[in-house]
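Enquirer: okay, here's the prediction I keep looking at, along with the sequence it came from:
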Amino acid sequence: MNSRCAACKYLRRRCPPDCIFSPYFPSNNPQRFESIHRIYGASNIGKILQQILPHLRAEAVESMYYEAQCRLADPVYGCVKIIYQLNQNIHHVHNQLANIQAQIAFYNAQMHGNNQIQNAELPAFVGFNNSLADQGNAFPHPAPPPSIRPPWPM
Ligand SMILES: [Zn+2]
């Protein structure tokens, strides 16, 4: 009748009524605790949970589980690799957006009869195979804002 939570079952101990693990590690999902335990260690998981307000613990466990899964899949980089890839994606999309905005500005200026731009060459658009755009780069491509840059050089 007295069913232990996955953490206590894994640690082969009695599961007290106020077990800090039991709300987040149900007995029907032993793999979840195993993964986190392999990366953080049981006592660290307990310490982390004790330092967090109860209503935030479920999210903390989710985060630890995700990080543990990533670390087990990629022991060198863990979730940093995914963060880096997503930052690369953001950087790429920012460049595409800058290119599109430059094209829109160029064609808008042409439509409104701006002679200076009308006589100018179509700027080279990075990432676009545009036969008209092989001269210069009239529109600078803004770098992504610092807030989305990773702390390491890109
Ligand atoms: Zn327990």
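Expert: Perfect, thanks for sending it. Numbers count the residues shown, from 1 in each chain.

Enquirer: which stretches in the chain count as strands?
Expert: Taking DSSP state E as the criterion, the chain carries no strands.

Enquirer: domain parsing for it?
Expert: 6-73, 79-148 (automatic domain parsing).

Enquirer: what parts of this structure come near the ion?
Expert: Applying Cβ under 5 Å from the ion, we find that the chain lies next to the ion at Cys5, Cys8, Cys15, Cys19, Phe21, Ser22. C-betas here are computed from N, CA, C, even on glycine.

Enquirer: now the lengthiest helix in the chain: buried residues?
Expert: Looking across the chain with DSSP state H, the single longest helix is helix 79-111. Under the neighbour-count criterion of 16 or more other Cβ atoms under 10 Å, helix 79-111 has Cys79, Val80, Asn87, His91, His94, Asn95, Ala98, Asn99, Ala102, Gln103, Phe106 buried.

Enquirer: please apply the same query to stretch 31-51.
Expert: Arg32, Phe33, Ser35, Ile36, His37, Ile39, Tyr40, Ala42, Ile45, Ile48, Leu49.

Enquirer: could you list the low-pLDDT ranges of this protein?
Expert: Scanning the chain with the threshold set as pLDDT under 70 gives 1-2, 114-154.

Enquirer: look up how far Met64 lies from the residue nearest to the spatial centre of it.
Expert: The residue lying closest to the centre of the chain (Cα atoms, centre = their mean) is Ile83, at 4.0 Å. According to Cβ to Cβ, to the nearest Å, Ile83 and Met64 sit 16 Å apart.

Enquirer: all helices for this protein, in order.
Expert: Applying DSSP H to the chain gives helices spanning 6-11, 30-40, 42-51, 54-73, 79-111, 115-118.

Enquirer: helices or strands up against the longest one?
Expert: In terms of contact count using 3 or more Cβ pairs under 8 Å, 6 or more residues apart in numbering; DSSP states H and E, helix 79-111 is assigned the packing partners helix 54-73, helix 115-118.

Enquirer: how about JSON lines for these, with mean neighbour count added?
Expert: Shown next, in JSON lines, are the helices and strands packed on helix 79-111 (neighbours: other Cβ atoms under 10 Å):
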{"stretch": "helix 54-73", "mean neighbour count": "15"}
{"stretch": "helix 115-118", "mean neighbour count": "12"}
